[in-house]
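Visitor: Below is the sequence, then the predicted model.
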Amino acid sequence: MSTLHRETIGRGDRHLVLLHGWGLNAGVWHCISNRLSAHFCLHLVDLPGYGHSQGFPAMTLPEMAARVAAQAPAQATWLGWSLGGLVASQIALDSPERVNGLISVASSPRFSAEADWPGIKPETLTNFQQQLSEDFQRTVERFLALQTLGTDSARQDARALKSVVFERPVPTEEVLNGGLEILKTADLRSGMEALAVPLLRIYGALDGLVPRNIIPLLDERWPASRSVLIDKAAHAPFISHPEIFSQQVIDFCTTLRP
């Protein structure tokens, strides 16, 4: 059986599991790991098929969540960025007794846009799937560029994301297609309404993949959750605004049970 790669940084009994987004790997968290490891025992996970977690096929969202949860601490706070936010949310729905708190970062319970729901046009995700087979590297790079578009440090942030992608083994086309399929089809809006776990939602004001007008919709649907909008940040707020982002995480986690 293939094994997930997990890097543990820091000590203590307050565990924080961090899950990356599509096309990336756990190296994306190194920009904030020093800040957070002073407060938590961090677990930086390469999702199945990504980075050093090779040997996995494409998975559905429930399959991926179950695989990640199987190798996680028995009790932890979960932080998921983008696709990782869906995985962390699914884990919180499936095993709430193991989740002290949930933090979603630039993530959405439904990434695909609909008539009354802001998001990514489904045809955009389909195009990315088609382009993967034609030019793998360029397609990934285009997706990374979209994540930093509009920020003051857009070029620098895009280079940082690109370096993370290619410093570890890259996912197969099958795995990347599977991740895009999750982004295109997953819908946790109704399921999350019954979530009993404390939830913090962090967004970037300039995010073109998870538009800011999703915030009031989810504030209304999930009144027990709390939302934070980071000004001048896009889809990767922890890279463009590491200090503000880290402090939001620390403040939220101090309100949770150990």
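Guide: Received the coordinates, thanks. All of these numbers come straight from a predicted model, not from anything done at the bench. Residues are numbered from 1 along each chain as shown.
Visitor: how about the strands of this protein, start to end?
Guide: Using DSSP state E, the strands of the chain run over 6-9, 15-19, 41-45, 76-81, 99-105, 199-204, 226-230.
Visitor: Parallel or antiparallel, which strands does the longest one pair with?
Guide: According to DSSP bridges, strand 99-105 forms sheet pairs with strand 76-81 (parallel), strand 199-204 (parallel).
Visitor: ok, now the third one?
Guide: Strand 41-45 pairs in its sheet with strand 6-9 (antiparallel), strand 15-19 (parallel), by DSSP bridges.
Visitor: Enumerate every residue touching the residue nearest to Ala145 when sequence neighbours are not counted.
Guide: The shortest distance from Ala145 to any residue other than its chain neighbours is 5.2 Å, reached at Ala158 (CB to CB, 6 or more residues apart in numbering). In this view, the C-beta of every residue, glycine as well, is placed from N, C-alpha and C. Listed by CB atoms under 8 Å, 6 or more residues apart in numbering, the contact set of Ala158 reads 144-145, 147-148.
Visitor: List just the nearest of those to Ala72.
Guide: Gln147 (25.5 Å; CB to CB).
Visitor: how near is that closest one to Val140?
Guide: Taking CB to CB, to the nearest Å as the measure, Gln147 and Val140 are separated by 11 Å.
Visitor: and the nearest residue to Leu199 once chain neighbours are set aside, how many neighbours?
Guide: In space, not counting the residues next to it along the chain, Leu199 is nearest to Ser225; the distance is 3.9 Å by CB to CB, 6+ apart. Neighbour count of Ser225, defined by other CB atoms under 10 Å: 17.
Visitor: What pLDDT does the model give Ser225?
Guide: At Ser225, the predicted lDDT confidence score is 96.
Visitor: next one: Leu161
Guide: According to the prediction, Leu161 has pLDDT 87.
Visitor: helices and strands of the chain: which one bottoms out on pLDDT?
Guide: Taking mean pLDDT, DSSP states H and E as the measure, the chain has helix 136-148 as its least confident helix or strand, at a mean of 84.
Visitor: So which elements touch that helix?
Guide: helix 122-132, helix 154-166, helix 173-185 (3 or more CB pairs under 8 Å, 6 or more residues apart in numbering; DSSP states H and E).
Visitor: any chance of those in CSV, plus distance to Ala66?
Guide: Shown next, in CSV, are these (distance: least, CB to CB, whole Å):
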stretch, distance to Ala66
helix 122-132, 24
helix 154-166, 26
helix 173-185, 14
